[in-house]
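Asks: let me see the structure of the following:
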Amino acid sequence: MERNSTALEIRDFVIRERSRAVSEREWKFRLRGYGYGIRDTQEGRIVTSLLGGREICRLSAQHA
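Replies: All right, here's what the predicted structure looks like:
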């Protein structure tokens, strides 16, 4: 996973989009429109790129 300013910006964007969505389903739908996805793992939620399938960053427990 990336640990640079781009990954942090994407994480902040994802969190902002969650606050704007009325449900988790809407949030995931909105993220897909921007090319991002959420993968649930045993370690927590991970933001992924839909185009490359790569992991971008991890969401903290409070934002999961």
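Asks: next, residue 52: secondary structure please.
Replies: Assigned with DSSP: H, G, I helix; E, B strand; the rest coil, residue 52 falls in the coil class.
Asks: give me the low-pLDDT residue ranges for this protein?
Replies: 1-3, 62-64 (pLDDT under 70).
Asks: can you list the buried residues in stretch 14-34?
Replies: 14, 17-18, 27, 31 (16 or more other Cβ atoms under 10 Å). From N, CA and C alone the C-beta is placed, and that goes for glycine too.
Asks: span of it from start to end?
Replies: Terminal residues of stretch 14-34 lie 10 Å apart, using Cα to Cα, to the nearest Å.
Asks: quick one, strands of the protein?
Replies: For the chain, strands defined by DSSP state E occupy the ranges 36-41, 44-49, 55-58.
Asks: how far off centre is the lengthiest helix in the chain?
Replies: Secondary structure of the chain read by DSSP state H shows that its longest helix is helix 5-20. How far helix 5-20 lies from its chain's middle: 7 Å, per Cα atoms, centre = their mean, to the nearest Å.
Asks: by contact count, what packs against it?
Replies: The helices and strands touching helix 5-20, judged by 3 or more Cβ pairs under 8 Å, 6 or more residues apart in numbering; DSSP states H and E, are helix 24-33, strand 36-41, strand 44-49, strand 55-58.
Asks: and residue 10, which of these is closest to it?
Replies: With Cβ to Cβ, the closest approach to residue 10 among these belongs to strand 55-58: 5.4 Å.
Asks: which strands border that closest one, and is each parallel or antiparallel?
Replies: strand 44-49 (antiparallel) (DSSP bridges).
Asks: which residues touch the longest helix of the chain?
Replies: Contacts of helix 5-20 with the rest of the structure, by Cβ atoms under 8 Å, 6 or more residues apart in numbering, involve 1, 27, 30-31, 34, 36, 38, 47, 56-57, 59, 63.
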